[in-house]
Each structure stands twice: as structure tokens, then as C-alpha cells.
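[1] Could you look at this predicted model? Sequence included:
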Amino acid sequence: MTIINNSKTDPNKILPMTYHWAREHYKNGIANNWTPEEVSMQKDVEQWKSDKVLSDAERRLILWNLGFFSTAESLTANNIVLAVYNHVTNPESRQYLLRQAYEEAVHTDTFIYCCDTLGLDPDEIYNMYETIPSIKEKDEFVIQLTTAVFDPNFKTDSTENIQRFLRDLVGFYVIMEGIFFYAGFAMMLALKRQNKMIGVGEQFEYIMRDESIHLAFGCDLIHTIRREFPEAWTAEFQEEIVQLILEAVELEKVYAFDACPDGLLGINAEQFAQYVEYIADRRLDRLSLGKHYHCENPFPWMSQSTDLMKEKNFFETRVTEYQTGASLEWD
């Protein structure tokens, strides 16, 4: 039995399970279930309409992050449905992929909700992947890693094609969701810590929790394939993956300096760039490829921002926390 290329697997027969980690990720996703409408945006609307709360730099930062995530989430969803699901033949892993596809739809709906609630120009937000060079370069970098697997005739029937599939998994799970998303998370949660755009910040917290599970599933999937098809995980291929991740870090640093060129209260682009390096080291280590940057986390509060055990006043806001998610590791 293998997780790909298993023609004997009945995709409709989920029991008995082979990969129990896939089931655990599915249950963790359920524990973090949420929808954007559960988050109050009233104070966000008041702050956005006021000319006394947000600086021009903060407004720009918010718009850029909404612009990047609005299209990046759609790209990720397309990759799951049109590529990864086709080639992962294991039923419990497919069940998780269906759950992830639903979560990506929720994330996409979140940005629709934010745009509608704040009265933003949808053409401006949803065209930033074309009009903002640093956003466009990040999207194109990931897309070019995954072109081959979108070919309807593509099959993971050779070592070379298994490596192409692994590039796709690294591109979306490790680079897009595990690195590119995290500077944006830090930016929006840094504003939330200053009591600015708290509703949007809370939505980003929920998205970050989902993405942490996506990343964990993706890394487990990569590790399973490399274990079952060791001929694909050569020293040369490992070095190629390392170089792709290092290139992604440089692209994310460019975005960090573009989105936050002059710094904001208590935060600056240099810190975001260092955070990206810290996160990249965690991703490299998770893939057993060794750390490269060896830097400290400039934002230790990020893990606190995604603590599922927060309490809410029931009469002021809807309860959206789930105690069963407390065992998850977010960064």
C-alpha cells in the first residue's frame, strides 16, 4: 500500500485506515470550524471610516494583505481540487483534502466578507496579483512549480514525475501556505495587538490556525511519499528544494519591505523579514533539510495570538472558540 500510485485502493472504502495522521488532521480541522460571519466587524467599519485611527501606511498594509490573500487562497484551492486530489489515492488523505478544500472556500469567503463590510473596491483588491509586482512575483513563483501536474495526462508513474509532484506539494503547502502567508499574518496580527481592525485580525487568526493544519498535513504527505519512494528524494533533489525555499524567502522579504516600507508603531519591515527567515528555518527543519538562517523569532507573541483557549463574553460576541483545538501547534 502506498499513498500515491495505488491502483488497488478503493477510494470509497475509508476503513481500515492506513495513515492515521491524515485522520488526526481532519479532526483538528473540524475542531477549528468557523465562518467569517461569526466575527463582528462593527468596530472595524468605524475605524476604517474614521480619519483619526488608521494612518495611510496602515491602510495600505491592510489593503495589500487583503489583495494578496484573496487570490492566493483561490490558487491554493484550485491546486487541491485539480491536482493534489487526483494523485493522492489514499481515501483518508482524500477525506482531509476535501476538508481543506472547504476551508479554502471559507477563506475566500472571508475576503469577500471583508471587502463588502468595509466597502472596498473589489477591482482594486482582486487585481493586486496583477498590479503589485511583489505580489505577482510570489504567485507566479508558486504557479511555475506546479504547471506540470495540472496537465490532464500527468501521472506520478516515474521518479521524475514523483519529484514534480513533490515540487507541487512543497510549492503550495510549504512555500505558499507555510512561508508566503506568514508575513501577512504577522502584519495583520500586529495591528490587532494595537486594537486596530480587530475583526479583520481575528479572521486572520482563524485562517492562520487552518493554515497551520494544512502545513502539517502537507509535510506529513511529503514525508510519506519520500519514505515510500526513496528513489525520488535524492541529495540533488533535496538541495533543489532547499534552494526553492531560500528563493521564496527572498521574494517574501521584498513583499515585506513593499507592504511596510517605513515601518509602523512598534514594527518594521526588518522584523517581518527576520520572521520570514525564522519561519523558513522551521519549514526546512520540518522537512529534515536542516536550518539555514539560525535566527530568533522577533514576534514571540504570534503563538499567543492563535491560542484557541481564549474566553469571550457571550453577550458581546458569538462564541467561536473550540476547546479540542488546544493541542495544535501553530507555527
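    It's in.
[2] Provide the secondary structure category for Gly290.
    coil (DSSP: H, G, I helix; E, B strand; the rest coil).
[3] which residue sits closest to it, ignoring its sequence neighbours?
    Leu284 (6.2 Å; Cβ to Cβ, 6 or more residues apart in numbering). C-beta coordinates here come from the backbone N, C-alpha and C atoms, glycine included.
[4] Surely the one you found is in a strand?
    No: with three-state DSSP as the criterion, Leu284 is assigned helix and is not in a strand.
[5] Would you mind confirming that it makes contact with Val242?
    Yes: checked against Cβ atoms under 8 Å, the pair Leu284 and Val242 is within contact range at 6.7 Å.
[6] For stretch 233-249, buried residues please.
    Buried positions in stretch 233-249, judged by neighbour count with 16 or more other Cβ atoms under 10 Å: Trp233, Phe237, Ile241, Val242, Leu244, Ile245, Ala248, Val249.
[7] I figured the first one hits Arg226, correct?
    Yes: checked against Cβ under 8 Å, the pair Trp233 and Arg226 is within contact range at 4.0 Å.
[8] Could you name every residue contacting both of the two?
    Leu166 (Cβ atoms under 8 Å, 6 or more residues apart in numbering).
[9] Could you list the low-pLDDT ranges of this protein?
    Along the chain, segments meeting pLDDT under 70 span 8, 11, 265, 305-331.
[10] how does it look with 80?
    Along the chain, the model assigns pLDDT under 80 to residues 7-12, 263-266, 303-331.
[11] Okay, helices next: where are they in it?
    Taking DSSP state H, the helices of the chain run over residues 20-31, 42-49, 56-79, 85-87, 91-118, 122-126, 128-131, 133-146, 159-169, 181-193, 198-228, 235-259, 269-286, 301-305.
[12] Any buried residues in the longest one, and which?
    So the one you mean is helix 198-228. Result for helix 198-228 [16+ other Cβ under 10 Å]: buried residues 198-222, 224-226.
[13] the inter-axis angle of it versus helix 91-118?
    160 degrees (axes from the mean of the first three to the mean of the last three Cα atoms, to 10 degrees).
[14] mind checking how far helix 198-228 is from the chain centre?
    6 Å (Cα atoms, centre = their mean, to the nearest Å).
[15] Then the fourth one?
    Centroid displacement of helix 85-87 relative to its chain, using Cα atoms, centre = their mean, is 20 Å.
[16] For it, name the packing helices and strands.
    helix 91-118 (3 or more Cβ pairs under 8 Å, 6 or more residues apart in numbering; DSSP states H and E).
[17] in the helix it packs on, what counts as buried?
    91-97, 99-101, 103-104, 106-108, 110-111, 113-115, 117-118.
[18] got it, and stretch 155-163?
    So, applying 16+ other Cβ under 10 Å, buried residues of stretch 155-163: Thr156, Asn161, Ile162, Gln163.
[19] And for stretch 119-133?
    So for stretch 119-133, counting by 16+ other Cβ under 10 Å, buried means Leu120, Ile125, Tyr126, Met128, Tyr129, Ile132.
[20] And stretch 10-23, by the same measure?
    Buried residues in stretch 10-23, defined by neighbour count with 16+ other Cβ under 10 Å: Tyr19, Trp21, Ala22.
[21] Could you pull up the residues touching the residue lying closest to Met176 once chain neighbours are set aside?
    Spatial nearest neighbour of Met176, chain neighbours left out: Val142 (4.9 Å); criterion: Cβ to Cβ, 6+ apart. Listed by Cβ under 8 Å, 6+ apart, the contact partners of Val142 are Leu75, Gly171, Phe172, Ile175, Met176, Phe180.
[22] Would you agree Trp301 is in contact with Arg193?
    Yes: taking contacts as Cβ under 8 Å, Trp301 lies within contact range of Arg193: 6.9 Å.
[23] neighbour count winner among the two?
    Arg193 (16 against 12; other Cβ atoms under 10 Å).
[24] Against Leu264, how distant is that one?
    Per Cβ to Cβ, to the nearest Å, Arg193 is found 11 Å from Leu264.
[25] Correct me if wrong: Ala269 contacts Cys260.
    Yes: the pair Ala269 and Cys260 qualifies as a contact (Cβ under 8 Å) at a distance of 4.7 Å.
[26] between these two, who's got more neighbours?
    Neighbour comparison, Ala269 and Cys260: the larger count goes to Cys260, with 25 against 21 (by other Cβ under 10 Å).
[27] quick one, what contacts that one?
    Ala57, Leu61, Met187, Ile267, Asn268, Ala269, Phe272.
[28] try Trp64
    Trp64 makes contacts with Met128, Ile132, Ile135, Asp258, Ala259, as judged by Cβ under 8 Å, 6+ apart.
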